[in-house]
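Q: Sequence first, then the predicted structure, then my questions.
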Amino acid sequence: MDNAKRMAAERAAEFVRDGMRLGLGTGSTAAHFVDCVGERVAAGTKLICVPTSEATRKQAEKLGIPLSTLDETPELDLTVDGADEFDQELRLIKGGGGALLREKIVANASERMIVITDASKSVARLGRFPLPVEIVPFGAEATRRAITRMLVDMDQTGAIRLRMGADGLVFVTDGGHYIFDCALGSIADPDGLARALHEIPGVVEHGLFLGLADAVIVAGDAGIKIIGNPGP
Ligand SMILES: O=C[C@H](O)[C@H](O)[C@H](O)COP(=O)(O)O
């Protein structure tokens, strides 16, 4: 699995050009890409990079990758990130590592987004992976109930769990928010669900990435497969 992640990352690194402004994703697959970027920088490629999480920022700093913020560099050429799930229409579920909010802001500020993943994350219909929904801590239980009501209205039910950290405490995102993981099984209408979630006060963002990815690089036993257009 780790080999597949590295293969996908190396393929994505082929689309990195000198002088690019680059968004760096979060997670175990994106970490391989950050390593590849570190190697490029060490070899003399000039890049300016915006990390999507504190974890990625720390990794990039150790590798000597020149970093910026989205405030200093609000437009990026390319973001490369992992995903928890993808379909053939390049729709994604992200946020398994809790970085969905910054990841979505960075991807949206990028001209292109390439997703790197392994074949196990391919689904015919999104929803096998519990959908992460980032919420403000204030009124979390009321927000959970509002999400439940909305899901029932959409004929889309499933258990909603407050994410806990490995330390047994409530998981808190880089933005100081909580996450509900919504086990939906199968999402009939991703666009409708995305819109409905945004209408609920207390919901900050959700892990449905729709219309953001330009390509998914999938590494599997048979090698690399690219869905979409990763660019020149
Ligand atoms: O919040 C985390 C991100 O969306 C990750 O990109 C996603 O969870 C995939 O992570 P991994 O490559 O570790 O499976």
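A: Cool, the structure landed. Numbers count the residues shown, from 1 in each chain.
Q: and this structure, which of its residues are near the ligand?
A: Taking Cβ under 6 Å from any ligand atom, the part of the chain that reaches the ligand is made up of 25-30, 81-84, 94-100, 103. (C-beta placed from N, C-alpha, C; glycine too.)
Q: which of these count as buried?
A: Buried residues within the residues of the chain next to the ligand, defined by neighbour count using 16 or more other Cβ atoms under 10 Å: 25-27, 29-30, 81-84, 94-100, 103.
Q: Give me the neighbour count for the nearest residue in space to residue 9 that is not next to it in sequence.
A: Distance criterion Cβ to Cβ, 6 or more residues apart in numbering; nearest residue to residue 9, sequence neighbours excluded, is residue 32 at 3.6 Å. The local packing of residue 32 (other Cβ atoms under 10 Å) involves 24 other residues.
Q: cool, residue 62 as well?
A: 10.
Q: re earlier: could you list which of the residues of the chain next to the ligand belong to strands?
A: Counted as lying in strands by DSSP state E, out of the residues of the chain next to the ligand, are residue 81.
Q: got a list of what the spatially most central residue of the chain touches?
A: Nearest to the mean C-alpha position of the chain, counting by Cα atoms, centre = their mean, stands residue 94 at 4.2 Å. For residue 94, the contact set (Cβ atoms under 8 Å, 6 or more residues apart in numbering) comprises 81, 82, 83, 84, 100, 103, 104, 132, 207, 209.
Q: So the first one is in contact with residue 102, correct?
A: No - the pair residue 81 / residue 102 is not scored as a contact, 10.3 Å apart, by Cβ atoms under 8 Å.
Q: shared neighbours of those two, anything?
A: Joint contacts of residue 81 and residue 102 (Cβ under 8 Å, 6+ apart) are 26, 52.
Q: right, and residue 59 touches residue 34 too?
A: Yes - counting by Cβ under 8 Å, residue 59 touches residue 34, with 5.2 Å between them.
Q: out of the two, which sits in the busier spot?
A: Neighbours were counted for residue 59 and for residue 34 using other Cβ under 10 Å; residue 34 has more, 24 against 20.
Q: So the more buried one versus residue 41, what's the distance?
A: Going from residue 34 to residue 41 by Cβ to Cβ, to the nearest Å gives 10 Å.
Q: what sits in contact with each of the two?
A: Taking Cβ under 8 Å, 6+ apart as the criterion, residue 34 and residue 41 both touch 63, 65.
Q: From the contacts of residue 94, which land in helices?
A: 100, 103, 104 (DSSP state H).
Q: ok, for the first one, nearest residue in space, not its chain neighbours?
A: Spatial nearest neighbour of residue 100, excluding adjacent residues (Cβ to Cβ, 6+ apart): residue 207 at 4.7 Å.
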